[in-house]
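Student: mind looking at a prediction? Sequence and model below.
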Amino acid sequence: MRRTSPKSRTAASLDYNAPGLPGEAPADVAGLLPAYWRAFGLVAFTMNRFIVDHVVRSARQFDNDIETMMLFGMLSHLNVSHLMPPGSRPSQALDAQGRVPDSQPQLRPVRLRDLTLISGRPRETVRRKLEALLAQGRVLRVDGGYVLNVASVDPQMHVLTLDGVKRFLAAARLIQDALGDAERALAQGPAGAIQQPAGEAQRPTDG
């Protein structure tokens, strides 16, 4: 009888379309316009170049420990998501310095078991990473779980974030330009039509 390795069983049980953070939408490409497929190579390269570059630069803040960086980011977003829901306006949610007023006591604690479930990492790994973050003063243990230590977000991290926003917007403009060119190519007719590889699932042809 053929045995399935733990790694294979884990991979088989993963839902690759599931959202990364609670409240986010699952993956859905059914409604994508044909231009996205026509520009796929450039769109994918531009998006992934930004993501990889930002992850590499952000990891330097955590001694290149990407797993700890992701756990810190996940915890921080879960702590603050109720204070800045999608569509929030800076003039209403933030003070004149661009911060949530008196944010530390308003942070929503996250339990170890929830971080383990969301991250998909072993409980002991998550616990060990949290202990390291506690020792560094980046995270606080409070009633109900863990929260970001707001005071630990230093000017260097602020600069990294603001620079990341600039790069994100630049990448978005490149993607918009690529999609615009793809739309013009498709409008030219057969010469610009999508060439679908053999055996690939049928792509949508209208939005």
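Tutor: Thanks, I have the structure now.
Student: give me the buried positions along the longest helix seen in the chain.
Tutor: For the chain, the helix reaching the highest residue count under DSSP state H is reported as helix 155-187. Within helix 155-187, the residues scored as buried using 16 or more other CB atoms under 10 Å are 160, 171, 174-175, 178-179, 182-183, 185-186. Glycine gets a C-beta too; all of them are placed from N, C-alpha and C.
Student: in a markdown table: the residues you listed, plus pLDDT and distance to residue 44.
Tutor: Formatted as a markdown table, these follow (pLDDT from 0 to 100; distance: CB to CB, whole Å):
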| residue | pLDDT | distance to residue 44 |
| --- | --- | --- |
| 160 | 95 | 24 |
| 171 | 98 | 12 |
| 174 | 98 | 12 |
| 175 | 97 | 10 |
| 178 | 97 | 10 |
| 179 | 97 | 12 |
| 182 | 96 | 13 |
| 183 | 95 | 17 |
| 185 | 94 | 17 |
| 186 | 94 | 18 |
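Student: greatest separation within those: which pair is it?
Tutor: Of all pairs drawn from the buried residues of helix 155-187, the greatest distance, 38.4 Å, lies between 160 and 186 (CB to CB).
Student: just to revisit the earlier point, counting by contacts, list what the longest helix of the chain packs against.
Tutor: helix 34-38, helix 40-59 (3 or more CB pairs under 8 Å, 6 or more residues apart in numbering; DSSP states H and E).
Student: mean confidence score for the shortest one?
Tutor: This means helix 34-38. Average pLDDT, helix 34-38: 94.
Student: any idea how far it is from the middle of the chain?
Tutor: The chain centroid and the centroid of helix 34-38 are separated by 23 Å, computed with CA atoms, centre = their mean, to the nearest Å.
Student: show me what that helix is packed up against.
Tutor: helix 155-187.
Student: hang on, the earlier thing: can I get the buried residues of helix 155-187 in TSV with distance to residue 108?
Tutor: Putting those into TSV (distance: CB to CB, whole Å) gives the following:
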residue	distance to residue 108
160	24
171	30
174	36
175	33
178	38
179	37
182	41
183	42
185	47
186	46
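Student: list the contacts of the residue lying closest to residue 138 once chain neighbours are set aside.
Tutor: Excluding its sequence neighbours, the residue lying closest to residue 138 (CB to CB, 6 or more residues apart in numbering) is residue 152, at 4.6 Å. Contact analysis of residue 152 by CB atoms under 8 Å, 6 or more residues apart in numbering lists 136-139.
Student: report the buried members of those.
Tutor: 138-139.
Student: among the contacts of residue 152, which one lies nearest to residue 24?
Tutor: When the contacts of residue 152 are compared against residue 24 (criterion: CB to CB), the nearest one is residue 139, at 22.5 Å.
Student: which SS class is the residue nearest to that closest one when sequence neighbours are not counted?
Tutor: Spatial nearest neighbour of residue 139, chain neighbours left out: residue 133 (4.0 Å); criterion: CB to CB, 6+ apart. On the three-state scheme (DSSP: H, G, I helix; E, B strand; the rest coil), residue 133 is labelled helix.
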